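Asks: Just need the structure, nothing else, for what follows:
(chains A and B)
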Amino acid sequence: DAGVTQSPTHLIKTRGQQVTLRCSPKSGHDTVSWYQQALGQGPQFIFQYYEEEERQRGNFPDRFSGHQFPNYSSELNVNALLLGDSALYLCASSFDRANTEAFFGQGTRLTVV
Amino acid sequence: AQSVTQLGSHVSVSEGALVLLRCNYSSSVPPYLFWYVQYPNQGLQLLLKYTTGATLVKGINGFEAEFKKSETSFHLTKPSAHMSDAAEYFCAVSEGTSGTYKYIFGTGTRLKVLA
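Replies: All right, here's what the predicted structure looks like:
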């Protein structure tokens, strides 16, 4: 079992650009959540996808959007990048929106310059 | 909204000494509680979780935590620290509405193990 896989592992973008991050959930999981972890901070919830719909959203602007595909994989898109968007972006998966355990990927380190 | 407080952003212990990492939560309903560990440049790995039942929870790598409702605490302990335990530790509570949930994380405690 490959677990939760994210790509790319590292990314450098320029202010104002757009970025797409990708996540494949653990086998058997159908729910994907995205978190932003700024340096020295705990992860902050961005949003959750289930059945290809955004089910819940944290306190993030509309520049952050996502998508879930029929195979349960997911993308996180960030438009008009700001320096403050530099962070580790973590994807977590679970089964049927269960909150008893989420498996996290290794994350994508985004640096905005 | 729920919140998680981790006392001590940095904790240092000697190898072989007791590890105690503190976590307090605020919740109006019985919570699900988690401890995750993060090694440098890696994602989060689940150490242990409390959902229902026994309040003393055992996890991986010799860690355990006790849910104390009266103190709204979920402190993480390990009897004897090992050099490989050096990492960042996050306490989290799950918060759910309408069949969905999210995790609320504390700000983390960086554990340093001294030889």
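
Asks: would you put the C-alpha positions of the biggest strand by length in chain B in PDB?
Replies: Counting residues, the longest strand in chain B under DSSP state E turns out to be strand B:87-97. Output in PDB follows, covering the C-alpha atoms of strand B:87-97 (Å, rounded to 0.1, in the frame of the first residue of the first chain):
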ATOM      1  CA  ALA B  87      10.900  15.400  16.200                       C
ATOM      2  CA  GLU B  88       7.900  17.800  16.300                       C
ATOM      3  CA  TYR B  89       4.800  16.500  17.900                       C
ATOM      4  CA  PHE B  90       1.300  17.800  17.200                       C
ATOM      5  CA  CYS B  91      -1.900  17.300  19.300                       C
ATOM      6  CA  ALA B  92      -5.100  17.500  17.400                       C
ATOM      7  CA  VAL B  93      -8.900  17.400  18.000                       C
ATOM      8  CA  SER B  94     -11.400  16.500  15.300                       C
ATOM      9  CA  GLU B  95     -14.300  18.900  14.800                       C
ATOM     10  CA  GLY B  96     -17.200  17.900  12.700                       C
ATOM     11  CA  THR B  97     -20.400  19.300  11.300                       C
END
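
Asks: Going by contacts, tell me the helices and strands next to it.
Replies: Contacts defined by 3 or more C-beta pairs under 8 Å, 6 or more residues apart in numbering or on different chains; DSSP states H and E place strand B:87-97 against strand B:3-5, strand B:32-38, strand B:73-78, strand B:100-105, strand B:109-114. For the C-beta atoms, the positions are set from N, CA and C on the backbone; glycine is no exception.

Asks: quick one, that strand and strand B:73-78 angle?
Replies: Strand B:87-97 runs at 150 degrees relative to strand B:73-78, counting by axes from the mean of the first three to the mean of the last three C-alpha atoms, to 10 degrees.

Asks: Provide the strand pairings for strand B:87-97, with the direction of each partner.
Replies: Taking DSSP bridges as the criterion, strand B:87-97 pairs within the sheet with strand B:32-38 (antiparallel), strand B:100-105 (antiparallel), strand B:109-114 (antiparallel).

Asks: Nearest the geometric middle of chain A, what residue?
Replies: Compute the mean C-alpha point of chain A, and by C-alpha atoms, centre = their mean the closest residue is A:W34, 3.3 Å away.

Asks: circling back to that earlier point, please enumerate residues in contact with the longest strand of chain B?
Replies: A:42-43, A:56, A:99-100, B:1-2, B:4, B:6, B:21, B:23, B:25, B:27, B:31-40, B:44, B:47, B:74, B:76, B:101-106, B:108-111 (C-beta atoms under 8 Å, 6 or more residues apart in numbering or on different chains).

Asks: Could you give me the PyMOL syntax to select whichever of those are buried?
Replies: Selection of buried members from the contacts of strand B:87-97 for PyMOL, criterion 16 or more other C-beta atoms under 10 Å in any protein chain shown:
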select buried, (chain A and resi 42+43+56+99) or (chain B and resi 2+4+6+21+23+25+27+31+32+33+34+35+36+37+38+44+47+74+76+101+102+103+104+105+106+108+109+110+111)
